[in-house]
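Student: sequence-free structure coming up:
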């Protein structure tokens with residue numbers, strides 16, 4: 001990301017079945033990208049799809065802004081020996097002004113409705129991991 005004249009490193013979190021350790025070979029990969037207030041979701045998703053397409057492994061990509069939780073849905077060709085494809089569903093959390101990408105949980109009280117929707121899979125997954133941790 002580039003914001004306020006400086007480069008801001010993106011923060012990406014795995015959520016969903018891969019976070020919980022319940023993914024199968026057929027599971028998609030759910031990701032939460034956290035970004036600064038300067039970057040809205042739709043431009044982020046469009047830029048993400050453009051960058052991934054430039055890498056030459058995208059089978060298809062689309063941005064779905066009308067969903068309850070807007071996402072970029074991307075299918076990539078796998079580079080692994082078995083081949084095939086991998087589906088990514090990427091959601092985006094736009095932080096409030098002045099919040100840190102690295103410490104985005106501290107901004108929870110200031111998130112707008114879209115931010116709260118975006119972060120719920122992250123919070124739910126980590127809550128389940130906390131509740132069922134094995135010592």
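Tutor: Perfect, I can see it now. Please read all numbers here as calculations on a predicted model, not as lab measurements.
Student: Output the lowest mean pLDDT helix or strand found in the protein.
Tutor: When the helices and strands of the chain are compared on mean pLDDT, DSSP states H and E, strand 2-3 comes out lowest with a mean of 51.
Student: And the strands in this structure?
Tutor: Along the chain, the segments classed as strands by DSSP state E run 2-3, 6-7, 11-15, 29-35, 58-64, 71-77, 85-94.
Student: so which of these is the most packed in?
Tutor: Highest mean neighbour count of these: strand 29-35, a mean of 22 (counted as mean count of other CB atoms under 10 Å). (Glycine included, C-beta is placed from N, CA and C.)
Student: Show me what that one pairs with in its sheet, parallel or antiparallel.
Tutor: strand 11-15 (antiparallel), strand 85-94 (parallel) (DSSP bridges).
Student: May I ask you to name the longest helix in this structure?
Tutor: The residue-count maximum for a helix in the chain (DSSP state H) belongs to helix 113-131.
Student: Which elements pack onto that helix?
Tutor: strand 11-15, helix 17-20, strand 29-35, strand 85-94 (3 or more CB pairs under 8 Å, 6 or more residues apart in numbering; DSSP states H and E).
Student: Could you figure out how far that helix is turned away from strand 71-77?
Tutor: Counting by axes from the mean of the first three to the mean of the last three CA atoms, to 10 degrees, helix 113-131 lies at 60 degrees to strand 71-77.
Student: which residues are contacting helix 113-131?
Tutor: Here helix 113-131 makes contact (CB atoms under 8 Å, 6 or more residues apart in numbering) with 13, 15-16, 19-20, 30, 32, 41, 68-70, 91-96, 104, 108, 111.
Student: Apart from its neighbours in sequence, what residue is nearest the residue nearest the centre of the chain?
Tutor: Within the chain, one residue has its C-alpha closest to the average C-alpha position: by CA atoms, centre = their mean, that is residue 32, at 2.2 Å. Once flanking residues are discounted, residue 32 sits nearest to residue 13: 4.5 Å by CB to CB, 6 or more residues apart in numbering.
Student: mind checking how far residue 84 is from residue 26?
Tutor: Between residue 84 and residue 26 the distance is 10 Å, computed by CB to CB, to the nearest Å.
Student: With neighbour numbers in mind, choose between the two.
Tutor: Neighbour totals were compared for residue 84 and residue 26, and residue 84 leads with 10 against 7 (other CB atoms under 10 Å).
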